[in-house]
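[1] Sequence and predicted model, in that order:
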Amino acid sequence: MKTTFDWSLVQSFLAALDQGSLLGAARVLNASQPTIGRHIAELESQLGAVLFERTGRGLLPTATALRLAESARAMETGAHQLARSVSGAEAEVSGTVRITASQPVACVLLPPVLARMRQVLPEVQVELVASNQVTNLLRREADIALRMVRPDQASLVAKRIGAVTLGAYAHRDYLRRKGTPQQPPDLLQHELVGNDRHEDIVQGFAAMGYPVEREQFAFRTDDLMAYWEAVRAGLGIGFVGHYMARTDTNVVAVLPQLPLPELPIWLTVHREIRTSRRIRAVYDFLAAEVPGVL
């Protein structure tokens, strides 16, 4: 395997990964579909590994591609930073950027990231909207959105920058009182923190073969921050992102073998990102930094 390769190959790889097809990547990069295909084939040849499975519905990334993605995105961020430095754009980046994200992402994940961004982009002011609504970007209520759902509107550009991994967690005091579950069925004998009207957790139990009724949850809420605080208070065992659980050492993982789904994070903007230096600068920073805190 060669130790160096053309940056354009990596650029085509990331576009194919984000868009899920050669055609989508070609549109984003303003290139031809055969060119993108050749770039992917050349990169696979240089790495000695298959990056995508070609299916009737597009490109399916392999495990190798997903491992390569983090390093490739770091290269992409470096390329953008280099371009801005050469053009003097860094000194010109100023103004307000409005970001919207779900409550946990806005309240827990983003503040440390934005503190670091303040050092890099000191002339940029941030307005942060904590909202679980997916429509506010379309209504131009925000410039950039971090969402768990990929938008399908043609006016928006979305890049998957990582995934929230979930786990079952409980406060140490709760486990001292009630004991620690050893197997997934043991959860049914414990006090659980669940949803009110949403059915994600109930459906998750059903998928594992453990149908439960909402009455089996000792505490129920659809407010994600209230949910987290309930787990922290010792109300029962709940299901939260690992990045949240790391903020409280008194909240510990239980049943690490429990098969819980990952929630992808999509960084989404309007296509006008190409004409706004300040939005592009914030977009690039978030794309580079958020995966590290997940």
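    Perfect, thanks for sending it. Numbers count the residues shown, from 1 in each chain.

[2] Show me what secondary structure element comes after the helix-or-strand element of the chain with minimal mean pLDDT.
    Of all the helices and strands that make up the chain, helix 89-92 has the lowest average by mean pLDDT, DSSP states H and E, namely a mean of 52. Next helix or strand after helix 89-92 toward the C-terminus (DSSP states H and E): strand 95-101.

[3] From the contact counts, what lies against that next one?
    Applying 3 or more CB pairs under 8 Å, 6 or more residues apart in numbering; DSSP states H and E, one finds that strand 95-101 contacts strand 124-130, strand 144-147, helix 277-293. Heads up, the C-betas are built off the backbone N, CA and C, glycines and all.

[4] where are the low-confidence patches of the stretch 151-294 of the chain?
    Filtered on pLDDT under 70, the stretch 151-294 of the chain yields the residue ranges 272-274.

[5] quick one, phi psi at Ala158?
    With angles defined as degrees, to the nearest 10, Ala158 sits at phi -120, psi 140.

[6] Next, count neighbours for it.
    20 (other CB atoms under 10 Å).

[7] ok, it touching Pro264?
    No - applying CB atoms under 8 Å, one finds Ala158 not in contact with Pro264, separated by 9.9 Å.

[8] Give me the common contacts of those two.
    Arg150 (CB atoms under 8 Å, 6 or more residues apart in numbering).

[9] What segments of the stretch 51-200 of the chain are strands?
    52-55, 58-61, 95-101, 124-130, 144-147, 156-171, 192-194 (DSSP state E, counting those that start in this stretch).

[10] roughly how far out does the second one sit from the chain middle?
    Once both centres are worked out by CA atoms, centre = their mean, to the nearest Å, strand 58-61 turns out to sit 19 Å from its chain's centre.

[11] list the buried ones in that strand?
    Neighbour-count burial for strand 58-61, counted by 16 or more other CB atoms under 10 Å, picks out Leu59, Pro61.

[12] Check the third one too.
    Judged by neighbour count (16+ other CB under 10 Å), strand 95-101 contains these buried residues: Val97, Arg98, Ile99, Thr100, Ala101.

[13] Name the nearest residue to the first one, ignoring sequence neighbours.
    In other words, Val97. Spatially, and ignoring its direct neighbours in sequence, Val97 is nearest to Val282 (4.6 Å; CB to CB, 6 or more residues apart in numbering).

[14] Do I have it right that the one you found meets Ile144?
    Yes - in this structure Val282 lies within contact range of Ile144 using CB under 8 Å: 6.3 Å.

[15] any idea how far Leu187 lies from Ala26?
    47 Å (CB to CB, to the nearest Å).

[16] likewise Ala145?
    Per CB to CB, Ala145 is found 25 Å from Ala26.

[17] Among the two, which residue is more densely surrounded?
    For the pair Ala145 and Ala26, the greater number of neighbours falls to Ala145 (28 against 20), based on other CB under 10 Å.

[18] That one pairs with what?
    Beta-bridge partners recorded for Ala145 (DSSP bridges): Thr100, Thr268.

[19] from what I can see it touches Ile99, true?
    Yes - between Ala145 and Ile99 there is a contact under CB under 8 Å: 7.4 Å.

[20] that older thread, out of the helices and strands packed on strand 95-101, deepest packed?
    strand 144-147 (a mean of 22; mean count of other CB atoms under 10 Å).

[21] Now do that strand: which elements does it pack against?
    So strand 144-147, by 3+ CB pairs under 8 Å, 6+ apart, packs with strand 95-101, strand 262-270, helix 277-293.

[22] Surely Gly234 touches Asp173?
    Yes - between Gly234 and Asp173 there is a contact under CB under 8 Å: 4.7 Å.

[23] Once you drop chain neighbours, what's closest to Lys178?
    His190 (6.0 Å).

[24] Check Met148 too.
    Per CB to CB, 6+ apart, closest to Met148 is Leu263, 4.7 Å.

[25] okay, now the one you found: neighbour count?
    Neighbour count for Leu263, taken as other CB under 10 Å: 16.

[26] Same check on Leu14?
    Leu14 is flanked by 20 other residues according to other CB under 10 Å.

[27] ok, so what distance separates it from Asp143?
    22 Å.

[28] One more: Ala63?
    34 Å.

[29] same question, Pro112
    21 Å.
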